[in-house]
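Peer 1: quick one: sequence plus predicted model below, questions after.
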Amino acid sequence: MPDLNEQISIDAVTERLRAVRERVAQACERAGRADEPMIVGVSKTFPLRAVEAGQAAGLTHFGENRGRELRDKARSKIGAFKGGDVHWRMIGHLQTNKAKFVARYADWFDALDRPGLAEELNGRAARNNRVLPCLVQVNVTRQEQKYGLPPEATHDFLDRCAQYEHLAVKGLMAMGSFTDEVETVRGEFQEMRTLLETYDAADNPRVDMEELSIGMSNDFEVAVEEGSTMLRIGSAIFGPRDYD
Ligand SMILES: *Cc1c(COP(=O)(O)O)cnc(C)c1O
């Protein structure tokens, strides 16, 4: 667990975010897009000060990948972020026994990838009297060590989500391959967009296909070109991480 009270330079965060926004704007222009995607600041492993710096620079959504760290940061809202517009997102793989942290403290869950977890989260969200917005994670690279549903299984899983009254599916999330071959990643992102656009949600009141969360520090420009609505960016904003 990182030291959440560590100091970091607000100026450095502000400057990196400015540079990221400029690259996003240029990618939008290349792609002829009028709407810019939202930037989720991936604050996992970074201290509270990083979130404050991001917030000061205009970010409102922050991504975490550990249940307890998310809880501790979200609870601190009472102090540092009082009155601030801060939304916590669980973006990483969630063990079923950690669902309670997400149902209680996360504003969004971006890595829904299996029926057992949906069942558990639905029950926990019900006990907290809420509806949890979720993204369904797809393993678009088809690598075994990656989490997410196989692309072929995604539409059936979305159909199943109709039964979970305390979950509201808002779209899809994926990680591209870690490679310098831009065209490989582009193909994966195009496949994600097709999966999003070909799902027929007409009979499923619990699913909206509005959001496509693709693009991280190393591949956000191609994600913008391929229709991302949410970029999940950590190190390009907050600096290098020692570990994930
Ligand atoms: C860590 C993480 C990110 C951000 O990664 P960066 O390379 O630091 O931008 C995005 N998405 C997920 C699911 C992550 O775990």
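Peer 2: Sure thing, it's come through.

Peer 1: pull the contacting residues for the residue of the chain found nearest the ligand.
Peer 2: The nearest approach of the chain to the ligand comes at residue 234, 2.7 Å away (Cβ to the nearest ligand atom). C-beta here means a position set from N, CA and C on the backbone, and glycine is covered the same way. Counting by Cβ atoms under 8 Å, 6 or more residues apart in numbering, residue 234 touches 41, 42, 43, 44, 46, 63, 216, 217, 241.

Peer 1: dig out what the nearest residue to residue 108 once chain neighbours are set aside forms beta bridges with.
Peer 2: In space, and not counting its chain neighbours, residue 108 is closest to residue 89: 4.3 Å by Cβ to Cβ, 6 or more residues apart in numbering. With DSSP bridges as the criterion, residue 89 is bridged to residue 63, residue 108.

Peer 1: and for residue 89, the neighbour number?
Peer 2: Each residue near residue 89 was counted by other Cβ atoms under 10 Å, and the total is 28.

Peer 1: OK, contacts around it?
Peer 2: 40, 61, 62, 63, 64, 106, 107, 108, 109, 110.

Peer 1: got a markdown table for the residues you listed, with distance to residue 29, pLDDT and neighbour count too?
Peer 2: A markdown table is the format used below for the contacts of residue 89 (distance: Cβ to Cβ, whole Å; pLDDT from 0 to 100; neighbours: other Cβ atoms under 10 Å):
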| residue | distance to residue 29 | pLDDT | neighbour count |
| --- | --- | --- | --- |
| 40 | 22 | 98 | 26 |
| 61 | 24 | 96 | 22 |
| 62 | 27 | 96 | 26 |
| 63 | 26 | 97 | 24 |
| 64 | 32 | 97 | 27 |
| 106 | 34 | 96 | 27 |
| 107 | 31 | 96 | 16 |
| 108 | 28 | 98 | 22 |
| 109 | 32 | 98 | 25 |
| 110 | 27 | 98 | 27 |
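
Peer 1: could I get those in JSON lines, plus columns for distance to residue 167?
Peer 2: Below are the contacts of residue 89 laid out as JSON lines (distance: Cβ to Cβ, whole Å):
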{"residue": "40", "distance to residue 167": "19"}
{"residue": "61", "distance to residue 167": "19"}
{"residue": "62", "distance to residue 167": "21"}
{"residue": "63", "distance to residue 167": "19"}
{"residue": "64", "distance to residue 167": "19"}
{"residue": "106", "distance to residue 167": "12"}
{"residue": "107", "distance to residue 167": "13"}
{"residue": "108", "distance to residue 167": "11"}
{"residue": "109", "distance to residue 167": "8"}
{"residue": "110", "distance to residue 167": "13"}
